[in-house]
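[1] What shape does this take:
(chains A and B)
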Amino acid sequence: MEKMRVLIADDEIEFVTALVERLNLRGIYAEGALRADQAMVKLTIKKFDILLLDIKMPGMGCTDAVDRLLKIRPEVKIILVTGYGSSAEGEEGLEHGAHDLMAKPIKFDDLIEKMNEHYQGGDGKDHGPE
Amino acid sequence: MKVFLKKFNKILPGFLFRDKISPERQVRYKKLWAYSSSLISVVALVPLIIMTVINIHQTQDILESEIKQPIATLAANAKRSFEYNFEERKAALNFIIKDRSFEELSDEKTLSQIYLTLKQTFGGFVDIGLIDSDGLQKTYVGPYDLRNINYADQDWYNEVKLRDSYISDVFMGFRGFPHFVIAVKNEKAGEGFYVLRATLDIEFINRQIQSLDVGSTADAFLINRDGILQTKSYYYGDIESQYINDVPRYSPRAEVIDTPTNGNGESFIMGYAFIEQSPFVFMIVENADQLLQSWTTLRRDITGILVSSIIIILVVIFWGTTYMVNRISDADTKHDQMVHNMEYTNKMASIGRLAAGVAHEINNPLAIINQKAGLFKDIILAQDEYPQKEKFLKLTDSILDSVDRCSMVTHRFLGFAKRMDVQVTMINLEALLKDVLEFLGKEAIHRNINVEFSLGEDVPEIESDKGQLQQVFLNIINNSFQAMDDGGAMLIEIKNRSASKIEVNIHDDGIGISGENLSRIFEPFFTSKKEGTGLGLSITYGIVKKLGGDIKVKSKEGKGTSFKVILPLKVINFQN
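    Presented below is the predicted three-dimensional model:
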């Protein structure tokens, strides 16, 4: 099986770096983006299976970001992350095509489980050349 | 009795008895009450009283003139009639004395003839005598022997000498019955004068008074100008008694006056007329109390109506004012309550916002701590040899546990009465609703509310959170029950909406919800109930939304309300 590729879009640099390192330690390819536009650029030039997206990204609203990111790469599985427990924005993000919603702080094991679930759920799709 | 008391309660100044009202307000309400009731009373009662007093006076004037007019007419008629009678007799004597010479009249036979003729034609003549210029009665015809009596010293003789004619007061004299004298004088130049003197019985005067037909309550009589009774009076006594009141002022016309009393405290209305060329005054006296009896009754009735009107008006004014002040007091209380509620709502919303804000701000660093500690643990685990490996692993686990505890706290804040984790089981909606009804069952039975189920075909079990759905339907049904009258009917419909959705409709025939309230019904802290927190339906809404469903409400005031809960067959689940 191919290596799972994850893009983490969050404005908290410490959160992003730690998470990237941990995922890498587990053999998952992970990159971080601190801004929504940065995430869009990375998503355009590289292929990712999973996008971990903070609903409160500077520079863009949640639903807007979901719409635009899915437009760039429709097959990517977006897992929304929120610091607000349940929130209207999270619900809207789900309606706009995000696949899941998780509340901060995320338990790492739960995250891995979710990622695997969605990665395997989207299996069989052509991920394009690496 | 209870209903009466309840109604009566509305009139009571409730604003005085409510403990919740501050003393300053009570003083204000009291002032308001006193001020408006007295102002309205004055405005309403003063014109009424003035009108009634004017009315009483006018009616009294009219009635008195109606009573006095006939008396005046009667007195005027009597005056004319008496004057005519006296004049007639005086004229007859004048004719005789001028027609016959002294010599002729000195003849007793001639005088007898004249006496008889007078008695037959006029009546009332008792005797007649001829008196010469020395005052000596020369000839006399009558029942007494009065010839040669000298009248020279008597007042009447001097009077007739001066004035040519004379009518005396009534007197008893030696004749022993009431009578009066008419005397006339004849004087021829150079021959001296002589006087013809006739005595008249007052019987013809009495007959004349009787013929006036004054009625049973009236007393008609004559007095002279010194107030001595000339005929018998019913109220004032016999002939020659003194009339106890003052002789009325002279007037050429008949007059009517109020005369205070007959000595017994009764009041009278009196008509009088001075009879010209005589010492007599005709008087007619009527008992005013009897005449004014109808007036007294009328005045009592008017006064009675006035007093009862005043009482009714005052009761209405006091009731109205009390009602108004009670309403103002109610409105003030309600307003206070509203302000209080609003403050409470704002406070709760602020607390909610603050809690959510704090939780969010803490969640982010918490997430960093979580990942950093996790990374630390990963690194240690990845190394085969690490100094004090076990100890560091324990330490990082302890950090991660603490992060878990923190996140539980922050999520409780964020949830604010919502549970974060959805516990999904397979649910038979009918069974679930019956469980809910059983929970409320006693109320439905007690209030005789009829609940009917309508189950659509092939309704599948759904995958959802049982506890939360129970909460949803409990809130809705409980709300409906509160809006319903005893003996109302409820219909619960469960049917397929689409391939992936089921709808549950709950209809009631309660009081319904107004359009304005309907648009706000799911807002947190919005309530139309006194006891409500305004959270029930907003929590319900939140749960249904979280379970991936939807909730709609339709209502018509007075007709009832329908809640429609749409649930997906499967919850799109998320959890921390």
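
[2] Check which helix or strand the residue of the stretch 151-300 of chain B found nearest chain A maps to.
    Scanning the stretch 151-300 of chain B for the residue nearest chain A gives B:Arg300, at 82.9 Å (criterion: Cβ to the nearest Cβ). Using the backbone N, CA and C atoms, a C-beta is placed for each residue, glycine as well. Assigned by DSSP states H and E, B:Arg300 falls within helix B:293-382.

[3] for that helix, what is the average pLDDT?
    Mean pLDDT, computed over helix B:293-382, is 84.

[4] and whatever helix or strand comes next after it, what other elements does it pack with?
    Downstream of helix B:293-382, the first helix or strand assigned by DSSP H and E is helix B:389-415. Packing partners of helix B:389-415 (3 or more Cβ pairs under 8 Å, 6 or more residues apart in numbering or on different chains; DSSP states H and E): strand A:100-103, helix B:293-382.

[5] winner for burial among these?
    Most buried of the helices and strands packed on helix B:389-415, by mean neighbour count (mean count of other Cβ atoms under 10 Å in any protein chain shown): strand A:100-103, with a mean of 22.

[6] so what secondary structure elements neighbour that one?
    Judged by 3+ Cβ pairs under 8 Å, 6+ apart, the packing partners of strand A:100-103 are strand A:77-82, helix A:88-95, helix A:108-121, helix B:389-415.

[7] so where does the residue nearest to A:Ala30 when sequence neighbours are not counted fall, helix or strand?
    With sequence-adjacent residues excluded and distances taken as Cβ to Cβ, 6 or more residues apart in numbering or on different chains, A:Ala30 is closest to A:Leu23, at 3.9 Å. Assigned by DSSP H and E, A:Leu23 belongs to helix A:13-25.

[8] Next, A:Arg35: phi, psi?
    Dihedral angles of A:Arg35 (phi, psi; degrees, to the nearest 10) stand at phi -130, psi 160.

[9] List the contacts of it.
    Taking Cβ atoms under 8 Å, 6 or more residues apart in numbering or on different chains, we find A:Arg35 in contact with A:9, A:11, A:57-59.

[10] What remains of the residues you listed if I keep only buried residues?
    The neighbour count (16 or more other Cβ atoms under 10 Å in any protein chain shown) marks A:9, A:11, A:57 as buried among those.

[11] Return the subset of those residues lying in helices.
    Among these, no residue falls in helices (DSSP state H).

[12] ok, these vs chain B, which is closest?
    A:Asp11 (9.1 Å).

[13] and that closest one, what does it touch?
    A:34-35, A:54, A:56-58.

[14] at 7 Å instead, please
    Taking Cβ atoms under 7 Å, 6 or more residues apart in numbering or on different chains, we find A:Asp11 in contact with A:34-35, A:54, A:57-58.

[15] could you dump those residues to CSV with pLDDT and distance to B:Phe122?
    Below are the contacts of A:Asp11 laid out as CSV (pLDDT from 0 to 100; distance: Cβ to Cβ, whole Å):
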residue, pLDDT, distance to B:Phe122
A:Leu34, 91, 153
A:Arg35, 89, 150
A:Asp54, 90, 146
A:Met57, 80, 146
A:Pro58, 75, 145
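
[16] Of those, which is the nearest to chain B?
    Nearest to chain B among the contacts of A:Asp11 is A:Asp54, at 9.0 Å by Cβ to the nearest Cβ.

[17] my read: that closest one touches A:Leu7, true?
    No: using Cβ atoms under 7 Å, A:Asp54 is not in contact with A:Leu7, being 11.8 Å away.

[18] now the helix-or-strand element of chain A with minimal mean pLDDT: how far from the chain's centre is it?
    Least confident helix or strand, chain A: helix A:88-95 with a mean of 83, by mean pLDDT, DSSP states H and E. Computed by Cα atoms, centre = their mean, to the nearest Å, the chain-centroid distance of helix A:88-95 equals 15 Å.

[19] What helix or strand is B:Ser65 located in?
    Per DSSP H and E: helix B:23-99 holds B:Ser65.

[20] That helix packs against which elements?
    Judged by 3 or more Cβ pairs under 7 Å, 6 or more residues apart in numbering or on different chains; DSSP states H and E, the packing partners of helix B:23-99 are strand B:179-188, strand B:192-201, helix B:203-211, strand B:255-259, strand B:268-274, strand B:280-287, helix B:293-382.

[21] got the residues of chain A near chain B?
    Proximity of chain A to chain B (Cβ under 7 Å from any Cβ of the partner chain) is limited to residues A:12, A:14-15, A:18-19, A:21-22, A:25, A:83-86, A:94, A:100-106, A:108.

[22] Who are the contact partners of B:Val141?
    Neighbour list for B:Val141: B:108, B:111-112, B:115, B:127-128 [criterion: Cβ under 7 Å, 6+ apart].

[23] any chance of the residues you listed in CSV, plus neighbour count?
    As requested, those are exported to CSV (neighbours: other Cβ atoms under 10 Å in any protein chain shown):
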residue, neighbour count
B:Glu108, 15
B:Leu111, 23
B:Ser112, 14
B:Tyr115, 20
B:Asp127, 19
B:Ile128, 23
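
[24] ok, of those, which one's closest to B:Ser294?
    The shortest separation between B:Ser294 and any of those is 50.4 Å, and it belongs to B:Asp127 (by Cβ to Cβ).

[25] how far away is that closest one from B:Asn85?
    19 Å (Cβ to Cβ, to the nearest Å).

[26] circling back to that earlier point, now do the least confident helix or strand of chain A against strand A:77-82, angle only.
    Interaxial angle, helix A:88-95 versus strand A:77-82 (axes from the mean of the first three to the mean of the last three Cα atoms, to 10 degrees): 170 degrees.

[27] Just the residues contacting helix A:88-95, thanks.
    Residues from elsewhere that reach helix A:88-95, judged by Cβ under 7 Å, 6+ apart: A:55, A:62-63, A:66, A:80, A:82, A:101, B:572.

[28] pLDDT below threshold where in the chain?
    No chain specified, so I'll use chain A. A:1, A:85-87, A:122-130 (pLDDT under 70).

[29] Switch to chain B, please.
    Applying pLDDT under 70 to chain B flags residues B:1-20, B:260-265, B:341-342, B:344-353, B:412-413, B:415-422, B:441, B:524-525, B:529-535, B:572-576.

[30] which bits of the stretch 351-500 of chain B sit near chain A?
    B:356, B:360, B:363-364, B:366-368, B:370-372, B:374-375, B:378, B:382, B:403, B:407, B:411, B:414-415, B:418, B:420.

[31] For chain B, give the residue positioned nearest to chain A.
    As assessed by Cβ to the nearest Cβ, chain A sits closest to B:Leu414 within chain B, at 3.3 Å.

[32] From B:Leu547, how far off is that residue?
    According to Cβ to Cβ, B:Leu414 stands 18 Å off from B:Leu547.

[33] Let me see the domain layout of chain B.
    According to automatic domain parsing, chain B comprises the domains B:65-291, B:340-415, B:424-568.

[34] Adding distance to B:Tyr140, write the contacts of helix A:88-95 out as TSV.
    Shown next, in TSV, are those (distance: Cβ to Cβ, whole Å):
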residue	distance to B:Tyr140
A:Ile55	155
A:Cys62	154
A:Thr63	153
A:Val66	158
A:Leu80	158
A:Thr82	154
A:Leu101	156
B:Ile572	155
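
[35] Just the buried residues from the residues you listed, in ChimeraX please.
    Selection of buried members from the contacts of helix A:88-95 for ChimeraX, criterion 16+ other Cβ under 10 Å:
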select /A:55,62,63,66,80,82,101
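
[36] so which of the contacts of helix A:88-95 would you say is closest to B:Glu104?
    A:Thr63 (156.8 Å).

[37] The closest one reaches A:His96, doesn't it?
    Yes: here A:Thr63 reaches A:His96: they are 4.8 Å apart, a contact under Cβ under 7 Å.

[38] and the residue of chain B closest to chain A, how many neighbours?
    Neighbour count of B:Leu414, defined by other Cβ atoms under 10 Å in any protein chain shown: 24.

[39] Next: the one 10 residues further on.
    Using other Cβ under 10 Å, the number of residues around B:Val424 comes to 16.

[40] Check the one 4 residues further on too.
    Using other Cβ under 10 Å as the criterion, B:Asn428 is surrounded by 15 other residues.
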